[in-house]
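Visitor: Build me a model from this:
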Amino acid sequence: MQKLIIKGKKKLLGSINISGSKNATLPILASALLSNKDITLKNIPLVQDVYTMINLLKFIGLNIQISKKKNTLKISSNKKLKTIAPYKLLKTMRAGVLVLGPLLAKYKKAKVSLPGGCAIGARPVNLHLFALEKLGAKIKIKNGYIHATAKNGLKGAIIKFPSISVGATENAILAAVSAQGKTIISNCAIEPEIQDMIVFLKKIGCNINFISKRKILIIGTKEFKSTSHEVIFDRIELGTYLIAAALVGEKIIFLKIKPKVVETEIKLLKKMGVKIKISKNKIIVFKSSKISSINIKTEPYPGFPTDLQAQIMVLMLKASGTSKITENIFENRFMHVPELRRMGAKIVTNKNVALVTGPTNLSGAEVMATDLRASVSLVLAALNADNRTIINRVYHLDRGYENLEKKLKKCKANINRT
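Guide: Residues are numbered from 1 along each chain as shown. The predicted model follows:
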């Protein structure tokens, strides 16, 4: 099994190109099931979750060609697709459940395995099923599979989510865009990745518009067009490297980004004392020696993202005083804490609250990654720790970070994979 070996306290200097968004690519790939026309996707991050989704779509029947040099996918479909998504292709990735909506809308039936992914909480699919039932689907869960049927096709409906869910919003949209008639979805998630999916859906011919901040109007269609689309940058990858720069950066320049998308994160980092300069498509982080403690809570966009909670905790260890994190999205997302404690971190957790005391001088240790974002928090801790850190189970990292070692090495980090 592969591991990362990192020698800490090396000052980072240079520039980092941010990859395309994994969390935008996955629902857009699922959207490709709706159309039988040619689609080109650009700026695709070549990470394991994307490969898993590609394998799932190939199994279902899409033709997909990858250009690794250009980070581009060409997708076409010239035959009837399978309506099953098996466990073996969904067990490592939650986003696979997004094929449920488009398959059901197109073929009036689908059998999709209950999803896997990171072990950061229950993350049930009940809101996905709630939305599809509103659209007229009949659903049973049997032997670990979702069996969904709509004998007369899906019909437009009014869907009001009881709580905000990114995945359920995506699945509801993907089903409704080719359902018969009008659908209104309210209390929906508005993450930039969902907005990028909507841009793509409009390009292939869907009639979909926001009518207020968290309300979407969709008129169903069965006619789709060929298109080309460039996926937005990965704001979670950017946030991760912004925190790395705040921890051990001398001067790091970030390219291929739109600062407005990460406004919340930038405000928070500035409040902590991180020296940041922003221009149109560029962010520069300078050496930030004095970091202040802060209280934050994770929330749906535009709030602070749960996917950056583990990383910001590492920066809190550099801050003077006690910081507080309230995790409001997932109930089991502090699994990185015991590993950080092995490196000398002073962190106390109680249910969904973590108290982080700093400044702490971390020391290298052998640690184990438990999920995607937890694994990258250990990389950040290792960059700021004395001596050598060995991180086991780095396959979690490969699910969501493209060329992590390469990008950090380019900025003079001492990081190697064995």
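
Visitor: Can you give me the neighbour number for Glu250?
Guide: The local packing of Glu250 (other C-beta atoms under 10 Å) involves 15 other residues. From N, CA and C alone the C-beta is placed, and that goes for glycine too.

Visitor: Now do the contacts for Asn78.
Guide: Asn36, Asn63 (C-beta atoms under 8 Å, 6 or more residues apart in numbering).

Visitor: helix or strand for it, which one?
Guide: Per DSSP states H and E, Asn78 falls between elements, in no helix or strand.

Visitor: try Thr183
Guide: Applying DSSP H and E, one finds Thr183 within strand 182-186.

Visitor: Would you mark the buried spots in that strand?
Guide: Thr183, Ile184, Ile185 (16 or more other C-beta atoms under 10 Å).

Visitor: shouldn't the first one be in contact with Leu174?
Guide: No: under the criterion of C-beta atoms under 8 Å, Thr183 lies out of contact with Leu174, with a separation of 11.4 Å.

Visitor: For Glu339, see how far away Ala382 is.
Guide: Ala382 sits 11 Å away from Glu339, going by C-beta to C-beta, to the nearest Å.

Visitor: Compare these two and say which is more crowded by neighbours.
Guide: Ranked by neighbour count (other C-beta under 10 Å), Ala382 and Glu339 place Ala382 first, with 27 against 23.

Visitor: Report the backbone C-alpha coordinates of the helix or strand harbouring the more buried one in CSV.
Guide: Per DSSP H and E: Ala382 is located in helix 372-383. What follows is helix 372-383, C-alpha atoms only, in CSV (Å, rounded to 0.1, in the frame of the first residue of the first chain):
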residue,chain,number,x,y,z
LEU,A,372,-10.5,12.3,1.6
ARG,A,373,-10.4,15.6,3.5
ALA,A,374,-8.9,14.1,6.6
SER,A,375,-6.0,12.7,4.6
VAL,A,376,-5.1,16.1,3.2
SER,A,377,-5.3,17.7,6.7
LEU,A,378,-2.5,15.3,7.7
VAL,A,379,-0.5,16.5,4.7
LEU,A,380,-0.9,20.1,5.9
ALA,A,381,0.0,19.1,9.5
ALA,A,382,3.1,17.2,8.2
LEU,A,383,4.2,20.3,6.2
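
Visitor: Against which helices or strands is it packed?
Guide: If you count contacts as 3 or more C-beta pairs under 8 Å, 6 or more residues apart in numbering; DSSP states H and E, helix 372-383 packs onto strand 3-7, helix 235-248, helix 309-316, helix 337-342, strand 388-392, helix 395-398, helix 404-410.

Visitor: got the angle for the second one vs helix 372-383?
Guide: Read it as helix 235-248. Helix 235-248 and helix 372-383 meet at an angle of 20 degrees, taking axes from the mean of the first three to the mean of the last three C-alpha atoms, to 10 degrees as the criterion.

Visitor: re earlier: with respect to burial, which of the helices and strands packed on helix 372-383 scores highest?
Guide: helix 309-316 (a mean of 28; mean count of other C-beta atoms under 10 Å).

Visitor: what's the angle between it and helix 235-248?
Guide: 10 degrees.

Visitor: after helix 309-316, next one along is what?
Guide: The first helix or strand that comes after helix 309-316 along the chain, using DSSP H and E, is strand 321-326.

Visitor: Can you say which of the helices and strands packed on helix 372-383 is nearest to Val367?
Guide: helix 337-342 (4.2 Å; C-beta to C-beta).

Visitor: Tell me the gap between that closest one and the middle of its chain.
Guide: 24 Å (C-alpha atoms, centre = their mean, to the nearest Å).

Visitor: Show me what the helix or strand just after the strand holding Thr183 is packed against.
Guide: The element immediately downstream of strand 182-186 (helix or strand, assigned by DSSP H and E) is helix 192-203. Under the contact criterion of 3+ C-beta pairs under 8 Å, 6+ apart, helix 192-203 touches helix 22-31, helix 166-176, strand 207-212, strand 227-230.

Visitor: one step back: worst mean pLDDT among the helices and strands packed on helix 372-383?
Guide: Mean pLDDT per stretch puts helix 395-398 lowest among the helices and strands packed on helix 372-383, at a mean of 91.
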